[in-house]
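Quick one: sequence plus predicted model below, questions after.
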There are 2 protein chains.
Amino acid sequence: MEPCIRYNIRVSNLSIPNRVIVTERTQRHGHAGLIIWFTGLSGAGKSTLADALERKLFDQGRQVYVLDGDWVRKGLCSDLGFSPAARSENIRRVGEVAMLFANAGVIVICACISPMRADRERLRHLCAPGRFVEVFVNAPLDVCESRDPKGLYAKARANQLKDFTGISSPYEPPLHPEVEVRTDKFGIEECLARLSAVIEPCLRTN
Amino acid sequence: MEPCIRYNIRVSNLSIPNRVIVTERTQRHGHAGLIIWFTGLSGAGKSTLADALERKLFDQGRQVYVLDGDWVRKGLCSDLGFSPAARSENIRRVGEVAMLFANAGVIVICACISPMRADRERLRHLCAPGRFVEVFVNAPLDVCESRDPKGLYAKARANQLKDFTGISSPYEPPLHPEVEVRTDKFGIEECLARLSAVIEPCLRTN
């Protein structure tokens, strides 16, 4: 019932006997806190799908929030660049924030390229079983590059951006994601249906 | 109505027209998101009061969550020490996370020593007016030292802890906090009443 192992320290360190505990939040919200982690190339559709999933869950009365890699980098991670070490630290921090949200009983949808398998696995192991849902938002590189919603692939090809995932920096696809959505083959509604089938069982409170 | 200036980037960057916006969350929760920032010496009663306030607001049906400096340091800020620069970065990060929670429509209570005025003011200026409530949790140093709930003052006096606030590192009290609570003079209930008087008007949605 406790969403994340890390923040159980808080629940177990009961200096005040009537501190609000995770199960009270679960009971009020009608669902447990959960981390839904979207990984994939730039342009694969992570943010689009994250926003659409947030809307769907919100309209169902759920507590839900999107942590988008792009705008976390303007705030919490504004001191970090795109070197391998900085990317790893970026994912660590987003993961820690996600755990806080899950601990607060929120379904938190993280949309981050998160290219390295080890970074994602480290995070998974900090969470209690079933509390971390890895979603591989998958479209082939050439499709992502042709979409190029932010014009970043063009810049990377012109050598104006270094360490760009898929071009000059590696992307390690998940080996065993909880779910994979092919955004080049299916529309948003179909992808959402596929996601819901996996997420709904994780939200049950009994 | 938007709780924090920083994360308005998300609301204004509407690539999806039906993205969940802050006002929808405010409407659902019946209150706006808010940052309640507790500053004060170790042993002044920040965590105790934060937990008690969380309980009170939670039982009123509010969305509320405590970000406690002590346990954020075990996760998000586990890479930071206690040098002036590290403390400043610690406060910056907790502030950024607090803004995310406020953006999600949550009343977030931050309990951090946050000894430097400049760090707290920087954070205040990132928030929209009225969305940052600074609470000076005040007890004289000798009272805090006599309480010494974690045995840290004893260690600091024995030179086993360096950069300890109030002993070997400065504490700059707020000049114009929204509210000051003297935990050496008043009990928890009186402190809570004083806090509520200031907080309630900030939670109104109209």
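That came through fine.

wait, does stretch A:179-186 contact chain B?
No. Taking CB under 8 Å from any CB of the partner chain as the criterion, stretch A:179-186 and chain B are apart, separated by no less than 14.3 Å. Using the backbone N, CA and C atoms, a C-beta is placed for each residue, glycine as well.

What of stretch A:99-114?
Yes. Judged by CB under 8 Å from any CB, stretch A:99-114 comes into contact with chain B through A:99-101, A:104, A:106.

Could you point out which of those is nearest to A:K56?
Within the residues of stretch A:99-114 next to chain B, proximity to A:K56 (CB to CB) peaks at A:V106, which comes in at 15.2 Å.

I'd say the closest one and A:G33 touch.
Yes. At 5.6 Å, A:V106 and A:G33 qualify as touching, with contact defined as CB atoms under 8 Å.

follow-up on the earlier one: for the residues of stretch A:99-114 next to chain B, which two are the farthest from each other?
Comparing all pairs in the residues of stretch A:99-114 next to chain B by CB to CB, the longest separation belongs to A:M99 and A:V106, at 10.7 Å.

Enumerate the residues of chain A near chain B.
Counting by CB under 8 Å from any CB, the residues of chain A close to chain B are A:6-7, A:9-10, A:15-16, A:18-20, A:24, A:47-48, A:51-52, A:54-55, A:58, A:63-65, A:67-68, A:71, A:74-76, A:79, A:89, A:93, A:96-97, A:99-101, A:104, A:106.

Of these, grab the buried ones for ChimeraX.
Buried residues within those, by 16 or more other CB atoms under 10 Å in any protein chain shown, are selected in ChimeraX with:
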select /A:6,7,10,16,19,20,47,48,51,52,54,55,58,63,64,65,67,68,71,75,76,89,93,96,97,99,100,101,104,106
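
Strands - which of the residues of chain A next to chain B land there?
Counted as lying in strands by DSSP state E, out of those, are A:64-65, A:67-68.

quick one: which of those is nearest to chain B?
A:Y65 (4.3 Å; CB to the nearest CB).

per-residue pLDDT, the closest residue in space to that closest one that isn't next to it in sequence?
Of all residues not flanking A:Y65 in the chain, B:A104 sits nearest, at 4.3 Å (CB to CB, 6 or more residues apart in numbering or on different chains). At B:A104, the model reports a pLDDT of 96.

and if you look at the one 10 residues further on?
The per-residue pLDDT reported for B:S114 equals 96.

Share the number of residues neighbouring it, please.
Residues near B:S114, counting by other CB atoms under 10 Å in any protein chain shown, number 27.

My guess is it contacts B:S42. True?
No. Under the criterion of CB under 8 Å, B:S114 makes no contact with B:S42, lying 11.5 Å away.

State the distance from A:M116 to chain B.
From A:M116 over to chain B the distance is 18 Å, taken as CB to the nearest CB, to the nearest Å.

what about stretch A:170-184, how long is it end to end?
21 Å (CA to CA, to the nearest Å).

Pick the one among the residues of stretch A:99-114 next to chain B closest to B:I188.
A:A104 (22.9 Å).

CA atoms only for stretch A:63-81, dumped as PDB, please.
Extracted C-alpha coordinates of stretch A:63-81, given in PDB (Å, rounded to 0.1, in the frame of the first residue of the first chain):
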ATOM      1  CA  GLN A  63      -5.200  12.900  -8.700                       C
ATOM      2  CA  VAL A  64      -2.700  13.100 -11.500                       C
ATOM      3  CA  TYR A  65       0.100  15.400 -12.600                       C
ATOM      4  CA  VAL A  66       2.600  15.400 -15.400                       C
ATOM      5  CA  LEU A  67       6.300  16.000 -14.800                       C
ATOM      6  CA  ASP A  68       7.600  17.000 -18.200                       C
ATOM      7  CA  GLY A  69      11.400  16.700 -18.700                       C
ATOM      8  CA  ASP A  70      11.400  19.800 -20.900                       C
ATOM      9  CA  TRP A  71      10.100  22.100 -18.200                       C
ATOM     10  CA  VAL A  72      11.700  20.500 -15.200                       C
ATOM     11  CA  ARG A  73      14.900  21.400 -17.000                       C
ATOM     12  CA  LYS A  74      13.900  25.100 -16.800                       C
ATOM     13  CA  GLY A  75      13.500  24.800 -13.000                       C
ATOM     14  CA  LEU A  76      14.700  22.000 -10.800                       C
ATOM     15  CA  CYS A  77      17.400  20.900 -13.300                       C
ATOM     16  CA  SER A  78      18.300  24.200 -14.800                       C
ATOM     17  CA  ASP A  79      21.800  23.800 -13.500                       C
ATOM     18  CA  LEU A  80      22.300  20.600 -15.600                       C
ATOM     19  CA  GLY A  81      23.500  20.100 -19.100                       C
END
